[in-house]
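**Student:** Prediction below, plus the sequence it came from.
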Amino acid sequence: MLTDKETALLNAATDLIREHGMIALNMSDVHKKAGYSRAAQYQSFSDKNSLLAALCMRELVQNSCAIEEQRYKELTGDFTVVLRPVVYNYLKLADRLMIDSAFDQMFKLVQNLPDVAEFSFIKQGFEFLNTERTQKA
């Protein structure tokens, strides 16, 4: 479970990435936008990669819950689809294992979605990501 501070920092990072892109994300901007000190930010996220890993993880968990609760319109792929493949190899082992576990759970849920046109894109996308992920292992 995320603390209020972690949620605020992740929300700020999400907004900044959507506004300026991942490459332009600066840790100094994140804590300022969230209204926290630099020290408070680094207590939660030791570096940019740990912040990006947390964004991926949060999205995977939110998507898994959305599928389980059949809230399909809430599914997103901003960080799972775009960010994870880019930063994955730069993450600490613990972060990679955490994301892999959440991705496996999400992938199983996606595979069990009904075989209808509404879900074909997400199913194909996650199949591709899973293939890409397992071939690198």
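**Tutor:** Arrived safely, thanks for sending.
**Student:** what about the protein, any weak spots by pLDDT?
**Tutor:** Scanning the chain for pLDDT under 70 picks out the ranges 82-83, 136-137.
**Student:** domains for the protein, by residue range?
**Tutor:** Recorded structural domains for the chain (assignment: the TED database) are 1-46, 59-136.
**Student:** Provide the secondary structure category for Asp115.
**Tutor:** Three-state call for Asp115 (DSSP: H, G, I helix; E, B strand; the rest coil): coil.
**Student:** nearest to Ala53, of the domains of the chain?
**Tutor:** domain 59-136 (3.9 Å; Cβ to Cβ). Using the backbone N, CA and C atoms, a C-beta is placed for each residue, glycine as well.
**Student:** Including distance to Leu52 and mean neighbour count, could the domains of the chain go into JSON lines?
**Tutor:** Conversion of those to JSON lines gives the following (distance: least, Cβ to Cβ, whole Å; neighbours: other Cβ atoms under 10 Å):
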{"stretch": "domain 1-46", "distance to Leu52": "7", "mean neighbour count": "15"}
{"stretch": "domain 59-136", "distance to Leu52": "5", "mean neighbour count": "15"}
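**Student:** Can I get these in a markdown table including distance to Ala53?
**Tutor:** A markdown table is the format used below for the domains of the chain (distance: least, Cβ to Cβ, whole Å):
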| stretch | distance to Ala53 |
| --- | --- |
| domain 1-46 | 9 |
| domain 59-136 | 4 |
